[in-house]
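**Student:** need a structure here:
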Amino acid sequence: MFDAPGPRFRRRVFWVSVVSAVVLAGLVALGLRQFAANGQLDPVRWRPYLTWPVWRYLLNGLWSTVVAACATGVLAMAGGLLLALRPNRFTRAYAEVMRTVPVLLLVYVMLFVLPSFGVNLPLFWKLVVPLALSHAASYVVIFRAGVESVDPGQREAGLSLGMPDGVVTRFVVLPQAVRHMTPLLVTQAVSLLKDTSLGYVVSYTELLFNGRVLANYNGLLIQTFIVVAFVYLVVNLALSRLSHRLEARRARTAR
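**Tutor:** Numbering: from 1, shown residues only. Reported below is the predicted structural model:
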């Protein structure tokens, strides 16, 4: 689709990357210097995070985050797949509108608006339903792109054999489309996992909420949120690495 970058463009990208890395390293060094000047790097402030009770509490929050992310992913993918397989004005409008509406706004609607009409869901679903509605729009685009990436001749060959259109879609088109979509699905899972941090708004005990409770308990605000950020970083980097490996495998298979 695009031409390969030339040597001038590669040199420009290289120097921009070098400058960005130097600036980032300088900001990190400045931040560490300020932390040290204010006693935030004292070992006594980090010692609680070497104990199992603290990590057990944070890992319980991480488990709740994973459960919410899995439930959201299942609902969002199911809804996105159904909408992608029935393209019409409604599905296109849904995808465009829901991708522009902030997820936090949907959470507030679920938290404050619906209870006034008698719809008061458990805390878990007050988080999962808005996330599923929002991410379903992204999955519509992903599934639609995956289906369109399959050679049209595959569908035509199935139909020429007398197979119904639904059977062709299920057993011919979708299996091939999934191989193309898998890296994008994993990348979307990273975004979904990060959005579960909105659980603190509805008091759902996910990782960030547990981090806030822990910081209020021990008074170590900076240390707690650095540890929480580190946990998010490790999980999301693992998912990103998985996405890159799947993309590389798909590229090797396509050759």
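
**Student:** show the contacting residues for the residue nearest to the spatial centre of the chain.
**Tutor:** Central residue check for the chain by CA atoms, centre = their mean: the C-alpha nearest the mean position is that of residue 191, 1.8 Å away. Neighbouring residues of residue 191 by CB atoms under 8 Å, 6 or more residues apart in numbering: 135, 138. For glycine as for every other residue, the C-beta is placed from the backbone atoms N, C-alpha and C.

**Student:** how about 10 Å then?
**Tutor:** Applying CB atoms under 10 Å, 6 or more residues apart in numbering to residue 191 gives the contacts 134, 135, 138, 236, 239.

**Student:** next helix or strand past the helix or strand the third one falls within?
**Tutor:** When you say that, I think you mean residue 138. Here residue 138, judged by DSSP states H and E, is contained in helix 123-149. The helix or strand immediately downstream of helix 123-149 is helix 152-160, counting by DSSP H and E.

**Student:** what are the buried residues along that next one?
**Tutor:** 155, 158 (16 or more other CB atoms under 10 Å).

**Student:** same deal with stretch 133-148?
**Tutor:** Under 16+ other CB under 10 Å, the buried positions of stretch 133-148 are 133-144, 146-147.

**Student:** quick revisit: residue 39 versus the residue nearest to the centre of the chain, what's the distance?
**Tutor:** Distance, residue 191 to residue 39, by CB to CB, to the nearest Å: 36 Å.

**Student:** how about residue 195?
**Tutor:** Where residue 39 is concerned, residue 195 sits at a distance of 34 Å (CB to CB).

**Student:** the two: which is more packed in?
**Tutor:** residue 195 (20 against 9; other CB atoms under 10 Å).

**Student:** how big is the angle separating the one helix or strand the more buried one maps to from helix 123-149?
**Tutor:** Assigned by DSSP H and E, residue 195 belongs to helix 174-195. Orientation check (axes from the mean of the first three to the mean of the last three CA atoms, to 10 degrees): helix 174-195 against helix 123-149 gives 140 degrees.

**Student:** buried sites along helix 174-195?
**Tutor:** 174, 177, 179-190, 192-193, 195.
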